[in-house]
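[1] model this:
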Amino acid sequence: MYPANEPRRLLNAFRVAAEGEFCNAQDEPIDLPADALIGIAHPLEMAAEMRSEFAQLFADYEIMPPFRQLARRTVLLTPDESASNSLNRWEGKSATVGQLMGMRYKGWESGYENAFVYDLGEYRLVLKFSSGLTTTMLIAKR
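    Numbers count the residues shown, from 1 in each chain. Alright, predicted model coming up:
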């Protein structure tokens, strides 16, 4: 299953049918804008209803995704975290240099002293770490 995106916004999700058509969660053919960005769908990009519809469609057609796509474990913010500009659940956790460097391939920017930054448009995430590689996550409004 693939998403069709505008930058930072899911337009639609689709699968490629046996006939080569792009079909939505209702198994209806769809047309994609010529400038749509196609990637790998992540469950947090989709509403619960869309995930459920695709899961049912995959079950009906006995489609086995090559990896845990719709059922992958996700982490949501708690109500307290949603109201805060700091995420402390990872405070004091450690990471290897390889794990931190791997974040660059997932859209995080390095080059900041003791921090990685992920741009969300109006907001940005700042992952701060100490020389011992303990971490703190901040949400900063631009």
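[2] domains of the chain?
    2-60, 79-141 (automatic domain parsing).
[3] Any chance of those in JSON lines with mean neighbour count and mean pLDDT as columns?
    Where C-beta positions appear, they are placed from N, C-alpha and C, glycine not excepted. Conversion of the domains of the chain to JSON lines gives the following (neighbours: other Cβ atoms under 10 Å; pLDDT from 0 to 100):
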{"stretch": "domain 2-60", "mean neighbour count": "14", "mean pLDDT": "88"}
{"stretch": "domain 79-141", "mean neighbour count": "13", "mean pLDDT": "81"}
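[4] Please enumerate the strands of the chain.
    2-6, 9-16, 22-23, 37-38, 86-87, 109-112, 115-119, 123-129, 135-141 (DSSP state E).
[5] From Ala36, how far off is the residue of the chain most remote from its centre?
    The outermost residue of the chain relative to its centre, with distances by Cα atoms, centre = their mean, is Glu19 at 28.6 Å. Distance of Glu19 to Ala36, given as Cβ to Cβ, to the nearest Å: 20 Å.
[6] do the same with Gly121
    Look at Gly121 and Ala36: by Cβ to Cβ, they are 18 Å apart.
[7] again with Ala4
    From Ala4 to Ala36 the distance is 4 Å (Cβ to Cβ).
[8] Find the residues that touch each one of the two.
    Leu11 (Cβ atoms under 8 Å, 6 or more residues apart in numbering).
[9] Need the domains of the chain in TSV (columns: distance to Phe67).
    Output for these, formatted as TSV (distance: least, Cβ to Cβ, whole Å):
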stretch	distance to Phe67
domain 2-60	9
domain 79-141	16
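[10] closest to Ala71 out of those domains?
    Ranking the domains of the chain by proximity to Ala71 (Cβ to Cβ) places domain 2-60 first, at 7.5 Å.
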